[in-house]
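Chemist: predicted model and sequence below, questions to follow.
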Amino acid sequence: MKKSKSLGRVPLDRALSKLGLASRTEARQKILSGQVSVHGKLEQNPNRSVNPDTAHIVLNGQKAVKEESQIILFHKPKGVLTTKKDPDGRPTVYGLLPKELHHFHPVGRLDQHTSGLLLLTNDTRISHFLTEPSHQIERTYVVAVRGELTEVDQKRALQGIDFQGEFYRVKAFDLLKTSGRESQIKVVLTEGKNREIRNLSLALGVEVQKLKRISFGTFELGQLKSGELEKLSFGIVQQALQALGFKGYR
């Protein structure tokens, strides 16, 4: 019996994060500043162990209730970082998001110079599922490179290339336009390795000029303009995740 009662217990700051009410850092600050009570008593210890599903937690006078799991589509502009804060003061996606969405976290990342579809969610189960390499969730990119790519390069990319101690292989590689000066391709990845397309391009002897993600799993960028976002309805998200094999949506 004692073992079953301990299931699901996490530190209080993590509990608020799991409830979708703040990031863990923000939750810790709220607890330390006296904005949180547990079972009717002020609690200023962020490490107190609680079960977020059963504990009576009050934040700023309101009972802490788990948010409905959500996904937001965001068209990340080139030049901003996929992070909360940058020690060098560079712009981040959170400077473009409304404050009420700052507790959402990105599903994977796009590097500073990549634009396109970035998913954000308030449910860590969703982000873990979508980014787990073994699930082989497809990400589609359109790429412009300096230099000419050929069918031989296409074959090499599909078979896989070793480059600087890492193995890169794409699921699909479509030549959209090719010339001696510039080539355009559409690439589908399933692993999400760091700088995967940029390193693959270097291995093929060309350099990326523009890189844009247009889809992630069943989620598509569509007509979203740079800097715009779209909140998806419960039904759309549920259907999309179920199509990908996710069984934990609620």
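Modeler: The structure has been received and is ready for your questions.
Chemist: which stretches of this structure have low pLDDT?
Modeler: Within the chain, the ranges that satisfy pLDDT under 70 run 1-7, 248-250.
Chemist: per-domain residue ranges of it.
Modeler: What automatic domain parsing lists as the domains of the chain is 2-63, 71-133+218-244, 138-216.
Chemist: now do the end-to-end distance for the longest one.
Modeler: This means domain 71-133+218-244. 14 Å (CA to CA, to the nearest Å).
Chemist: related to what we said a few turns ago, would JSON lines of the domains of the chain with mean neighbour count be doable?
Modeler: (Glycine included, C-beta is placed from N, CA and C.) Converted to JSON lines, the domains of the chain look like this (neighbours: other CB atoms under 10 Å):
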{"stretch": "domain 2-63", "mean neighbour count": "16"}
{"stretch": "domain 71-133+218-244", "mean neighbour count": "16"}
{"stretch": "domain 138-216", "mean neighbour count": "16"}
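Chemist: quick one: name whatever helix or strand follows the strand ranked longest in the chain.
Modeler: Longest strand in the chain, counting residues (DSSP state E): strand 207-216. Per DSSP states H and E, the first helix or strand lying C-terminal to strand 207-216 is strand 219-220.
Chemist: how about the secondary structure of residue 67?
Modeler: Each residue gets one of three states, and residue 67 gets coil by DSSP: H, G, I helix; E, B strand; the rest coil.
Chemist: tell me the contacts of the closest residue in space to it that isn't next to it in sequence?
Modeler: Closest residue to residue 67 apart from its sequence neighbours, by CB to CB, 6 or more residues apart in numbering: residue 20 at 3.5 Å. Applying CB atoms under 8 Å, 6 or more residues apart in numbering, one finds that residue 20 lies in contact with 66-67, 69, 103, 122-123.
Chemist: strand partners of the longest strand of the chain, parallel vs antiparallel please.
Modeler: strand 115-121 (parallel), strand 139-146 (antiparallel), strand 219-220 (antiparallel) (DSSP bridges).
Chemist: run through who's touching the shortest one.
Modeler: Going back to what we said before, that points to strand 219-220. Applying CB under 8 Å, 6+ apart, the contact partners of strand 219-220 are 71, 73, 117, 119, 214, 232, 240.
Chemist: what helix or strand is the second one on?
Modeler: In this case it means residue 73. Secondary structure (DSSP H and E) places residue 73 in strand 71-76.
Chemist: and that strand, what other elements does it pack with?
Modeler: Applying 3 or more CB pairs under 8 Å, 6 or more residues apart in numbering; DSSP states H and E, one finds that strand 71-76 contacts strand 115-121, strand 229-231.
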